[in-house]
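A.B. asks: Sequence unavailable; structure follows:
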């Protein structure tokens, strides 16, 4: 990498699978960190295959793999082999940061527990993600974003309309949210090490980030608050914050308080409603929400979205078109703000999604393709001080794949 950035020179060992933990390592790589990702022999990290599993969009390129693992170097190590400990120890000694998401118990068997890792490198920042946390009866249970983040947290039960069953949310959305949390924990730990010289262990869980995302409702429950019923689009709590359909079948989301009501009343061609006593105070808006929704439904159905865009913008009504992911991918606002960025080295895939943290005036490194399985084994082993005879021995002992296996992958 030629672009210098904040974490240029920082060395990160990504000993994790799927999305949340590897994506945190990717965020570090975006700012210049040298990330080595280790994978098991055979098919490697299951994330390599998720782009081709329904309901992921069908495409030729392995877009999900490159999204979560760009800018990394890749190794294949069989951590179940006793001989692999020699390689893992040198990787940990090399690293400033070690990231894992293996469950408690499993990580210790693989020599990736904090006690083992910190004994090899006392200055290491050790970061881990669990499904349900470090303590409690479910600490060792496997967790995924659909279960630990969405379902257990209360978030999924709350993100549906009244009478509708729970649905399956966008998978990976909880993982990428959690990646930002563990990235923040790592950066906090690096600041701690800068001040004290000591390594430290940090972590989060899918459950913790899911509850944080549901924070308003969970905090309300902790206050013994009385919850509102699930959202009813035809009789919402606030008709000014509600989705509406236009004449051309598009949906837009209004997000307004009562202070925006005069502008909306003018926009829909009913300025007389500004003086309507039903809509003089918040209590009136709540009491007459169903009637107002019916009126707004009829008005929004009468004109196309492009017509509404002009008039809503003129009256400074807060709204947004509810876009599909395909529309979002082509939205010029994303390119203007580097929310999507060019990706180098992948046929059929010119762009990828940028991580959401930016430091103005300091560039991120250009996004380059994720590694092939075991692509950098020989290169990294040499950097760690293993000579060719050592590599032959490690292959014979099953710690790393043989040359034929590497060629096949």
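C.D. replies: Thanks, I have the structure now. Predicted model only: the values in this text are computed from it and were never measured. Residues are numbered from 1 along each chain as shown.
A.B. asks: Just give the nearest non-adjacent residue to the residue most central in space within the chain, would you?
C.D. replies: In the chain, the centroid-proximal residue (CA atoms, centre = their mean) is residue 176; its distance is 0.9 Å. Distances taken as CB to CB, 6 or more residues apart in numbering put residue 23 closest to residue 176, at 5.9 Å, once the chain neighbours are dropped. Where you see a C-beta, it was placed from the backbone N, CA and C, and this is true even at glycine.
A.B. asks: what's the answer for residue 288, then?
C.D. replies: residue 278 (4.6 Å).
A.B. asks: That neighbour belongs to a helix?
C.D. replies: Yes: the assignment for residue 278 (DSSP: H, G, I helix; E, B strand; the rest coil) places it in a helix.
A.B. asks: where in this protein is pLDDT low?
C.D. replies: Low-confidence segments of the chain, defined by pLDDT under 70, are located at 1-3, 403-409.
A.B. asks: quick one: the host helix or strand of residue 188 to chain centroid distance?
C.D. replies: Assessed by DSSP states H and E, residue 188 sits inside helix 173-196. Taking the mean of its C-alpha atoms, helix 173-196 sits 13 Å from the chain's own mean (CA atoms, centre = their mean, to the nearest Å).
A.B. asks: Next SSE downstream of that helix?
C.D. replies: Using DSSP H and E, the first helix or strand after helix 173-196 is strand 200-205.
A.B. asks: angle of that next one against helix 173-196?
C.D. replies: Orientation check (axes from the mean of the first three to the mean of the last three CA atoms, to 10 degrees): strand 200-205 against helix 173-196 gives 160 degrees.
A.B. asks: All further residue positions should be reported with the first residue as 37.
C.D. replies: Renumbered: residue one is now 37, and that last one reads strand 236-241.
A.B. asks: now the helix or strand just after strand 236-241 against strand 236-241, angle please.
C.D. replies: Counting by DSSP H and E, the next helix or strand C-terminal to strand 236-241 is helix 242-249. Helix 242-249 and strand 236-241 meet at an angle of 70 degrees, taking the same axes, to 10 degrees as the criterion.
A.B. asks: So which elements touch helix 242-249?
C.D. replies: Contact here means 3 or more CB pairs under 8 Å, 6 or more residues apart in numbering; DSSP states H and E; on that basis helix 242-249 packs against helix 209-232.
A.B. asks: how deep is the nearest residue to residue 197 once chain neighbours are set aside tucked in, by neighbour count?
C.D. replies: Spatial nearest neighbour of residue 197, chain neighbours left out: residue 267 (5.3 Å); criterion: CB to CB, 6+ apart. Number of residues near residue 267 (other CB atoms under 10 Å) recorded here: 17.
A.B. asks: Now residue 267: phi and psi?
C.D. replies: Main-chain torsions, residue 267, degrees, to the nearest 10: phi -60, psi 130.
A.B. asks: Might one say that it is in contact with residue 198?
C.D. replies: Yes: assessed by CB atoms under 8 Å, residue 267 is found in contact with residue 198 at 6.6 Å.
A.B. asks: Spit out the contact partners of the residue nearest to residue 197.
C.D. replies: 196, 197, 198, 273 (CB atoms under 8 Å, 6 or more residues apart in numbering).
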